[in-house]
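Q: sequence and predicted structure below; questions after.
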Amino acid sequence: MSVKILGVLTSKDSCVSKNNNYNIANFMTIEKYNFGSITINAKEYTKDVIVFPDKVLCPWWREEGHSLSLNDLKEVIKLNPTIIIIGTGAYGAMNVPKETLEKLKEQNIETLTAKTAAAVEIYNEYIQKNKNIVACLHLTC
């Protein structure tokens with residue numbers, strides 16, 4: 001598989017890779033996940049990420065670390081995805097409270113949660129089906 005990184009924007013505390021040729025068939029592709037590391041469009045990340053259709057946001061920080069709140073997903077919700085895939089870590093340590101899932105459902109956003117390795121597989125499967133999706137992935141525990 002040939003992968004072309006089209007642009008990189010960085011700042012002191014974050015890393016954002018952007019695919020400037022966005023269309024539904026050009027989603028970011030997750031190539032590999034191991035505990036603490038993920039490779040997306042040939043770039044390795046070692047901090048938690050949000051994978052948008054056209055960019056990767058890294059690091060992804062949550063207000064309460066291992067608990068996901070609606071505030072942690074503000075940028076994701078603005079995109080109005082059909083599906084959000086949440087990777088809860090290699091061992092499932094990140095909690096996704098029931099109220100967070102209910103609020104997303106009220107906004108007609110389907111949410112799939114799984115340990116991160118499985119979430120990566122689900123994400124890659126869904127992009128093949130041209131789904132409007134975003135993946136929020138905790139890379140460690």
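A: Received the coordinates, thanks. Owing to the predicted nature of the structure, the values given are computational and were not obtained by experimental measurement.
Q: tell me where this structure has strands.
A: 8-11, 14-18, 30-34, 37-40, 43-45, 49-51, 55-58, 83-87, 110-114, 133-137 (DSSP state E).
Q: contact partners of stretch 86-93?
A: Applying CB atoms under 8 Å, 6 or more residues apart in numbering, the contact partners of stretch 86-93 are 35, 66, 68, 94-96, 111-120, 135-141. Quick note: C-beta positions are derived from backbone N, CA and C, even for glycine.
Q: mind redoing it with 7 Å?
A: 35, 66, 68, 94, 96, 111-117, 119-120, 135-138, 140-141 (CB atoms under 7 Å, 6 or more residues apart in numbering).
Q: stretch 100-118 now?
A: If you take CB under 7 Å, 6+ apart as the criterion, stretch 100-118 is touched by 33, 68-70, 77, 81-90, 92, 96, 122, 137-139.
Q: show me which helix runs longest in the protein.
A: helix 116-128 (DSSP state H).
Q: run the angle between that one and strand 110-114 for me.
A: Angle, helix 116-128 to strand 110-114, by axes from the mean of the first three to the mean of the last three CA atoms, to 10 degrees: 140 degrees.
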